[in-house]
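> I would like to see how this sequence folds:
(one chain, ligands or ions: 3)
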Amino acid sequence: MRSNVTAVASPLDARCNHESDADAAALSGAVLDALPSPTVLLNPDGKVLLTNSAWEAAVETADDDRIDGGAGVDYFAMARRACGKAVGEKIEDSLRALSRGERASFAMDYSLQHPTGTHWYHLQASRVDQVGQVVVTHTDVTDRVHAERTSAWQAWHDDLTELPNRAALHRLIDAELRRPDRPPITVLFLDVDGFKDINDSLGHEAGDDVLRQLAARLAERTRAEDTVGRLGGDEFVVVCRGCDTADAEALAHRFQSIFDEPFHVGGRTAGLTASIGVATVGSGDPSDIRSTDLVHDADLAMYAAKRAGRSRICVFSSGLRDAVQQKVLVAGELREAIETDQLVLHYQPILHLPTGQVDGVEALVRWQHPERGLLSPGDFIAVAEEYELIDPLTNWVLGAATLQAAEWARLGLPLTLAVNVSAATLATGALVDDVAGALAASGLPPDRLIVELTETTVAEDPARAAAQFAALRITGVEVAIDDFGSGFSSLGQLGNIPAGVLKIDRGLVAGAGDRGNQSAAVIAAVVALARAFGMRALAEGVETVEQLTLTAALGCTFAQGYYIARPMPADELQRWLQERAAIGDRDRRASAAVRLSSTAH
Ligand code: C2E
Ligand code: MG
Ligand code: MG
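Ligands and ions are numbered 1, 2, ... in the order given. A predicted model of the protein is given here:
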């Protein structure tokens, strides 16, 4: 704005002699013009002495009554008009102080409301001479501020749902926990049951869509004083202020009702449920508790809820933490036990009812613990499954049991060997290879091996079970469905599962033989169903002669249970079989019953 240069009194008169005033002013104008940002030169009272071209252009573009571009204008009054009283006064005070030499420089960011939206400027001022003239530049930093705000927003929010993210939740909970007068704080940890199935069956985009819908529903149900956020995956957290455990449980039930309505994805509807863990810090609880502890406790409770079944709520207790610590300890010991051969196998005879002969055994693992004695599988299989020890355990069992069965075959005892495999092993997909490896190493023929999987394992993922069963049977290995009748899988599903043996759970067998009990009718139905699908039925947990007689009469092909024999170590089994052969079969009575049953095959 060179025209202004001549319109005002010499700006640099303290420094320049009179002859060179015009030259100095021209030089000042040229210097200001070289600056890309809108710039003004002010006298100590805030009067505009000089402006540059960028300033002039900016004033013209802004077309804003509050901003006057001309020389001689009161810059301080303009600042108050444009930026508001508080900011304007701050600018005036700071520039006056700068002019008096009380400070070396002054910089601040301020915003201006334009019809197009808010613009941000960086004001930078320096004193240019002894008189106290001040040069002020104004750089438009709107893009930078937007970028900073976006990245700050992103740092604390989840991209998918726009809810507060893990970092934001922890920051918020920590801040709440540090408040001196803090009310009770509860964390609800919510995890969708079987969310993986949604992703697997409908695709990841559908999964993302469900998570967005769920986030919206959760946000809708969250009270104004509470906060909902997403930790990641299908895990959400609700932070509730002033909630004791009872309130929080009621709240958890309210969140569960979110799932009453199905979710709509890709033109389909999907029914979902969630497991919720609840953890509370009371106002009187220790002050050193951190957010990570509280969320971890809620997470533990959520896992306990999950283990109890779908759609459950579990409230954290210190017992839960102790149980986890205990499990971690057991897992460590078990890892060592597998490596140092502390595991042992017991074998339970299986009676072939039509012949009355024991022609097979089931291998059942035990742990000879150095301090706790002989532990049964119920004490450690679940830990093995949870802590990724089930593969080494299954391989150990497969290896040891097939070697033992091959050894018996060499001794003239050709027994069929049944080995239990858990869901976690089926999930790894390594089962077929592991079985083949054990058979190759031991030399046991494949048709001597039966792999047992429980009904619940099969029901968890029938398609996967069917595929692996089929692959096993192609190699000649038989497959049995264990504990049938203990879960609630659909009977109709059985037809799609290529298994050869159906083991009827001892819960059903226990009632058989009691007068008026329905179990006999159920067993008869299960046997008929097994037959229809080409399977042979085995009665588990036979404890009395009545049960043995009845299950044989109902058409079971095999029986197993304490009445016949308890599980026993390999050498004991050998003696038991020899004694049995020598003294005759004490179950002849049962065999007589079997002969009555023309239906067994
Ligand atoms: P399961 O495969 O159904 O094995 C039968 C269980 O019932 C055995 O318990 C056996 O001792 C018990 N039992 C047999 N006859 C009777 C009876 O007449 N009455 C009663 N009350 N019980 C009887 P155990 O050895 O404690 O095994 C429990 C479960 O642990 C097994 O159930 C099986 O699911 C699992 N398991 C055992 N060994 C292994 C293994 O090597 N790997 C895996 N993954 N699981 C195993
Ligand atoms: Mg079994
Ligand atoms: Mg069983």
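
> what segments of the stretch 1-150 of the chain are strands?
39-42, 48-51, 105-114, 117-127, 134-140 (DSSP state E, counting those that start in this stretch).

> save the ones you listed as JSON lines, and put in distance to ligand 3 too.
Every residue, glycine included, has its C-beta placed from N, CA and C. Shown next, in JSON lines, are these (distance: least, C-beta to the ion, whole Å):
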{"stretch": "strand 39-42", "distance to ligand 3": "87"}
{"stretch": "strand 48-51", "distance to ligand 3": "92"}
{"stretch": "strand 105-114", "distance to ligand 3": "72"}
{"stretch": "strand 117-127", "distance to ligand 3": "70"}
{"stretch": "strand 134-140", "distance to ligand 3": "76"}
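
> so which of those strands is nearest ligand 2?
Set against ligand 2 and scored by C-beta to the ion, the strands of the stretch 1-150 of the chain come closest in strand 117-127, at 70.2 Å.

> Three-state assignment for Asn517, please.
With DSSP: H, G, I helix; E, B strand; the rest coil as the basis, Asn517 sits in coil.

> apart from its neighbours in sequence, what residue is nearest it?
Excluding its sequence neighbours, the residue lying closest to Asn517 (C-beta to C-beta, 6 or more residues apart in numbering) is Gly511, at 4.2 Å.

> state the distance from whichever residue of the stretch 1-150 of the chain sits closest to ligand 2 to ligand 3.
Proximity of the stretch 1-150 of the chain to ligand 2 (C-beta to the ion) peaks at Thr150, 58.0 Å away. Computed as C-beta to the ion, to the nearest Å, the Thr150 to ligand 3 distance reads 58 Å.

> how close does that residue get to Arg144?
Plainly put, Thr150 is 11 Å away from Arg144 if you go by C-beta to C-beta, to the nearest Å.

> ok, the residue in the stretch 151-300 of the chain that ligand 2 sits nearest to - how many residues close by?
The nearest approach of the stretch 151-300 of the chain to ligand 2 comes at Gly194, 25.6 Å away (C-beta to the ion). Other residues lying near Gly194 total 12 when counted by other C-beta atoms under 10 Å.

> quick one, phi/psi of it?
Note on Gly194: backbone dihedrals following degrees, to the nearest 10 are phi 60, psi 30.

> list the neighbouring strands of the top strand by length along the chain plus their orientation.
Longest strand of the chain, by residue count under DSSP state E: strand 357-369. Its sheet considered, strand 357-369 pairs with strand 343-352 (antiparallel), strand 373-375 (antiparallel), strand 416-420 (parallel) by DSSP bridges.

> which one, of these, ends up nearest to Asp200?
Closest of the strands paired with strand 357-369 to Asp200 is strand 416-420, at 26.6 Å (criterion: C-beta to C-beta).

> contacts for that closest one?
For strand 416-420, the external contacting residues (C-beta atoms under 8 Å, 6 or more residues apart in numbering) are 350, 359-365, 377, 397-398, 401-402, 404-405, 444, 448-453, 478, 480, 482.

> could you do stretch 30-40 as well?
Where contact means C-beta under 8 Å, 6+ apart, the residues beyond stretch 30-40 that reach it are 2, 41, 48-55, 57-59, 75, 135-140.

> how far out from the middle of the chain is it?
Mean-position distance between stretch 30-40 and its chain equals 57 Å (C-alpha atoms, centre = their mean, to the nearest Å).

> mind listing what's buried along it?
Residues of stretch 30-40 classed as buried by neighbour count (16 or more other C-beta atoms under 10 Å): 32-33, 37-40.

> Val358: neighbour count?
24.

> which strand residues bridge it?
Assigned bridge partners for Val358, using DSSP bridges, are Leu351.

> ok so, going back, got a pLDDT number for the residue nearest to Asn517?
With respect to pLDDT, Gly511 has a value of 81.

> shouldn't it be in contact with Ala521?
No: with contact defined as C-beta atoms under 8 Å, Gly511 does not reach Ala521; the gap is 10.3 Å.

> which one of Thr150 and Arg144 is surrounded by more residues?
Arg144 (13 against 10).

> shaky segments in the protein?
Scanning the chain for pLDDT under 70 picks out the ranges 1-25, 488-492, 513, 515-516, 584-601.

> go again with 80.
1-31, 68-69, 115-116, 266, 283-287, 427-428, 487-494, 512-518, 583-601 (pLDDT under 80).

> quick one: contacts of stretch 379-387?
So stretch 379-387 is contacted by 327-328, 330-331, 334-335, 365, 367, 389-390, 393, 422-424 (C-beta under 8 Å, 6+ apart).

> export that stretch as PDB, just CAs?
Output of stretch 379-387 as PDB, limited to C-alpha atoms (Å, rounded to 0.1, in the frame of the first residue of the first chain):
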ATOM      1  CA  ASP A 379      -8.300 -79.300  37.000                       C
ATOM      2  CA  PHE A 380      -6.200 -78.300  34.000                       C
ATOM      3  CA  ILE A 381      -7.800 -78.800  30.600                       C
ATOM      4  CA  ALA A 382      -9.600 -75.500  30.700                       C
ATOM      5  CA  VAL A 383      -6.400 -73.700  31.700                       C
ATOM      6  CA  ALA A 384      -4.600 -75.500  28.800                       C
ATOM      7  CA  GLU A 385      -7.200 -74.300  26.400                       C
ATOM      8  CA  GLU A 386      -7.100 -70.700  27.700                       C
ATOM      9  CA  TYR A 387      -3.300 -70.400  27.700                       C
END
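
> show me what from this protein comes close to ligand 3.
Proximity of the chain to ligand 3, by C-beta under 5 Å from the ion, involves residues 482-483, 540.

> and the residue of the stretch 201-350 of the chain found nearest ligand 1, how many neighbours?
For the stretch 201-350 of the chain and ligand 1, the shortest gap (C-beta to the nearest ligand atom) falls at Gln348, measuring 5.7 Å. Under the neighbour criterion other C-beta under 10 Å, Gln348 is assigned a count of 20.

> and the closest residue to it other than its chain neighbours, how close does it get to Leu345?
Leaving out its chain neighbours, the residue that sits closest to Gln348 by C-beta to C-beta, 6+ apart is Pro567, at 3.9 Å. Distance of Pro567 to Leu345, computed by C-beta to C-beta: 9 Å.

> what's the overlap in contacts for those two?
In contact with both Pro567 and Leu345: Leu364, using C-beta under 8 Å, 6+ apart.

> one step back: tabulate the buried residues of stretch 30-40 (a markdown table), appending distance to ligand 1.
Output for these, formatted as a markdown table (distance: C-beta to the nearest ligand atom, whole Å):
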| residue | distance to ligand 1 |
| --- | --- |
| Leu32 | 83 |
| Asp33 | 84 |
| Ser37 | 73 |
| Pro38 | 76 |
| Thr39 | 79 |
| Val40 | 82 |
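
> among these, which two are most distant?
Maximum pairwise distance in the buried residues of stretch 30-40, criterion C-beta to C-beta, is 12.3 Å, between Asp33 and Val40.

> check contacts around the residue of the stretch 201-350 of the chain found nearest ligand 3.
In the stretch 201-350 of the chain, the residue that lies nearest ligand 3 is Gln348 (10.2 Å; C-beta to the ion). Shown in contact with Gln348 (C-beta under 8 Å, 6+ apart): 361-362, 364, 560, 565-568.

> domain ranges for the protein, per the record?
What the record gives for the chain is the domain set 29-146, 157-316, 339-568, 570-601, from automatic domain parsing.
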